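Enquirer: My questions are about this predicted structure, shown below with the sequence.
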Amino acid sequence: MRKVLFGLVLSMFTASAMAASWLLEPYVGYSSISGDKNNSDIEASGIQYGGRLGVNFAVVSVGAQYDMTSITGFKYSNRDPESEATASNLGAFVLASLPIAGLRVWGTYFFNAEIEGTKSGGPIGDNTKWGGNGIGLGVGYKLPAVPVAINVEYRKSSYDKKDLEPNGEVDATAITGTLSIPLTF
């Protein structure tokens with residue numbers, strides 16, 4: 001009986017491994033960011049681009065996700081000046097898709113999230129670096145007959161200043177709309 005059970009389990013893993021394919025999904029979009037730094041509200045927005053690379057097992061994909069956002073208008077919501085920054089995120093994702101309906105949902109844990117200031121003023125100073133982590137939850141719709149998906153993602157991140165001078169913590173949320181090209185091969 002154990003041999004039969006072992007054979008069934010082994011055949012399930014072998015069959016699923018044979019059905020696996022690679023997922024490559026570049027994307028571009030727009031991100032609206034709000035948050036809190038030292039009890040002051042901040043706001044920003046920017047163009048985001050990145051991609052996912054992983055393994056696709058029929059309806060579930062797992063892998064790595066990397067993206068960058070060019071943030072402009074980074075400011076305290078109640079006063080000027082503005083600063084600019086570049087944000088980068090590296091994480092691991094799990095994505096589930098229903099190919100017939102075109103619906104996709106995913107979650108990502110970003111274990112390496114960074115913001116680097118590129119223009120002084122505002123909440124993020126020039127050449128200052130912040131590091132942290134975060135999560136992302138998204139939903140999308142893959143258009144029929146074309147390899148394009150329309151996506152919306154919610155992110156929650158927390159950053160601490162990486163430079164020697166302590167300057168508090170930044171907690172940020174972002175809503176991002178993207179267009180992606182999910183390719184499997």
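Expert: Perfect, I can see it now.
Enquirer: Give me the most central residue, the protein.
Expert: Nearest to the mean C-alpha position of the chain, counting by CA atoms, centre = their mean, stands residue 136 at 5.6 Å.
Enquirer: for that residue, what are its contacts?
Expert: Neighbour list for residue 136: 65, 91, 93, 106, 107, 108, 110, 153, 154, 155 [criterion: CB atoms under 8 Å, 6 or more residues apart in numbering]. Heads up, the C-betas are built off the backbone N, CA and C, glycines and all.
Enquirer: Just the buried ones from the residues you listed?
Expert: 65, 91, 93, 106, 108, 110, 153, 155 (16 or more other CB atoms under 10 Å).
Enquirer: Would you confirm that the fifth one belongs to a strand?
Expert: Yes: according to DSSP: H, G, I helix; E, B strand; the rest coil, the state of residue 108 is that of a strand.
Enquirer: Break down the protein into its helices, ranges please.
Expert: With DSSP state H as the criterion, the chain has helices at 2-18.
Enquirer: Show me the shaky parts of it.
Expert: For the chain, the stretches flagged by pLDDT under 70 are 1-18, 77-81, 120-126, 162-168.
Enquirer: 80 - rerun?
Expert: Residue ranges of the chain with pLDDT under 80: 1-19, 37-40, 73-83, 99, 119-128, 161-169.
Enquirer: from the middle of its chain, how far away would stretch 27-42 be?
Expert: On the basis of CA atoms, centre = their mean, to the nearest Å, the separation between the geometric centre of stretch 27-42 and that of its chain is 14 Å.
Enquirer: And for that stretch, what's in contact with it?
Expert: With contacts defined as CB under 8 Å, 6+ apart, stretch 27-42 is touched by 43-52, 67, 69, 71, 74-78, 123, 151, 167-181.
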